[in-house]
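> coordinates only, no sequence provided:
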């Protein structure tokens, strides 16, 4: 997840607050050398959908993950409820659609020059903020500079941007110079769109003004937010609901009770164990998200300095059993490589199988026969604790001992975060190269495996420096083969995203991007 890459103390705070509660990048759909267009957004739904959209009513969303530190700042949110509010109040230059592909929003066109050292953003015309002020290029420049200057969560996403030399070419056009060739600008904007709200010059988060589908009415941190429909929203006909009420709930039990009792219309971040109860009087919305809850092995610390040990630990995983045991079979088998919805994802790499005997052989050859491995685990995302237990059982069946050290999320993301030798973590979806920038380079803000390979680093620089998609894809495939054979991640599966939708709500669809409730698509929902 893209967070502040400038101050390590902020890494710990933001990572703890944002990821612990998240339940909470380019244009893969167009020719990169040309102009980026709008992406499609179809995906299959498990909740019942039907009928023509109609206006009216109030959507009540029962969300977990908020705190007394909740904010309305569309560029500095720290948790999943902040993200939900941001998506309701604001719009973005680019976002991820339901298929986890880049989709233009406020930007009508984003084009690179011949070597991706400069990009041009052209805004859609006739868009206004909630206070009636027209959206202009100056607002975009102000927004990007505000994020970078304040080291807000998306600052690392904009690290290549030469903020000082951002320039308006006319009222709706911005020139964005880069510090070096950066061909994945659109992907980067899409992957972390929820922290990249476009706000007006002079923006005051205490009286928030955006261009989003809903406008501000009231806000009590840690308790409730109320918004009304933006009747002048630029997407014709949307939103459908008159009002949106987001309420903070303390736990899943209270969420589910409110949903089935009719006090809430929507609930986020549910576990598989709640599916049956939800379906008794509402509908479970289940998405095969592309986010990940990996096991992390520090490649610079014993015993994981030996690649044979890293490969052995991967072979211990019975991946299907993990999904069956923890997620009732929902989710997708993974192959120790992230970003499955990236068009450059290499599906020709053989699926790694469960092979405990080979794992034991590798450990013995490496001199770690009988070694006890400590796995640091925490309730940082749905299923992490249970999967840690399943992994330990699978290892024991192969004669290998894995002990669990369970921490609170606060302690896990405290001063020792990024230092754990063997642990777990949680990431929302991002395309491959932006994810590499966040986690796999020497200067990445969250290099939790301490990966630093000169060839790999050079391949990344080469990949983001070319606008030739075929060449870039070939480079990415080489990088992914390194991930598969040498890397420090164990990615056994991509977990499902499970939400609850009341019977009277229509227009809610699952998202592969890993966000609940169709990327918190409140603007697309209506009441039956």
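Cool, the structure landed. It should be emphasised that the depicted structure is a prediction, and the values quoted were computed from it without experimental measurement.
> so where's the protein uncertain?
Scanning the chain with the threshold set as pLDDT under 70 gives 1-50.
> any idea which residue sits dead centre in it?
residue 428 (2.6 Å; CA atoms, centre = their mean).
> so that residue versus residue 497, what's the distance?
Distance of residue 428 to residue 497, computed by CB to CB, to the nearest Å: 10 Å. From N, CA and C alone the C-beta is placed, and that goes for glycine too.
> how about residue 391?
21 Å.
> between those two, tell me which one has more neighbours.
residue 497 (30 against 25; other CB atoms under 10 Å).
> so who does that one touch?
23, 269, 286, 287, 289, 291, 510, 511, 514, 515, 516 (CB atoms under 8 Å, 6 or more residues apart in numbering).
> doesn't residue 60 make contact with residue 249?
No. Using CB atoms under 8 Å, residue 249 is not in contact with residue 60, being 11.0 Å away.
> domains of this protein?
If you go by automatic domain parsing, the domain ranges for the chain are 51-89+212-288+497-528, 91-202, 295-494.
> tell me where the stretch 351-500 of the chain has helices.
356-365, 384-397, 409-412, 432-439, 454-464, 469-486 (DSSP state H, counting those that start in this stretch).
> quick one: the first one to helix 384-397, angle?
In this case it means helix 356-365. For helix 356-365 against helix 384-397, the angle by axes from the mean of the first three to the mean of the last three CA atoms, to 10 degrees is 80 degrees.
> tell me which other helices or strands helix 356-365 touches.
Applying 3 or more CB pairs under 8 Å, 6 or more residues apart in numbering; DSSP states H and E, we find helix 356-365 packed against helix 307-315.
> circling back to that earlier point, how close does the residue nearest to the centre of the chain sit to residue 394?
26 Å.
> helices of the stretch 151-300 of the chain, start to end?
So, for the stretch 151-300 of the chain - with DSSP H, counting those that start in this stretch - the helices run 185-191, 252-260, 275-279.
> list just the nearest of the contacts of residue 497 to residue 83.
residue 515 (7.3 Å; CB to CB).
> got the contact list for the closest one?
24, 83, 194, 428, 497.
> of the contacts of residue 497, just the buried ones, ChimeraX syntax please.
Buried subset of the contacts of residue 497, written as a ChimeraX selection, criterion 16 or more other CB atoms under 10 Å:
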select :23,269,286,287,289,291,510,511,514,515,516
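> now distance to residue 143 too, for the contacts of residue 497, in TSV please.
As requested, the contacts of residue 497 are exported to TSV (distance: CB to CB, whole Å):
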residue	distance to residue 143
23	27
269	28
286	35
287	29
289	28
291	26
510	30
511	24
514	24
515	21
516	25
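> out of the contacts of residue 497, which is nearest to residue 142?
Nearest to residue 142 among the contacts of residue 497, with distances taken as CB to CB, is residue 515, at 26.1 Å.
> for that closest one, give me the backbone phi and psi.
phi -80, psi 140 (degrees, to the nearest 10).
> now do residue 108
phi -90, psi -30.
> from residue 95, how far out is the nearest residue to it once chain neighbours are set aside?
With sequence-adjacent residues excluded and distances taken as CB to CB, 6 or more residues apart in numbering, residue 108 is closest to residue 124, at 4.5 Å. Distance, residue 124 to residue 95, by CB to CB: 14 Å.
> what do you get for residue 449?
Residue 449 sits 29 Å away from residue 95, going by CB to CB.
> quick one: the strands in the stretch 1-150 of the chain?
58-63, 94-96, 102-104, 107-112, 118-123 (DSSP state E, counting those that start in this stretch).
> same for the third one, what does it pack against?
Same thing as strand 102-104. Looks like strand 102-104 contacts strand 94-96, helix 185-191 (3+ CB pairs under 8 Å, 6+ apart).
> would you turn these into CSV with mean neighbour count and distance to residue 113?
Formatted as CSV, the helices and strands packed on strand 102-104 follow (neighbours: other CB atoms under 10 Å; distance: least, CB to CB, whole Å):
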stretch, mean neighbour count, distance to residue 113
strand 94-96, 29, 18
helix 185-191, 30, 11
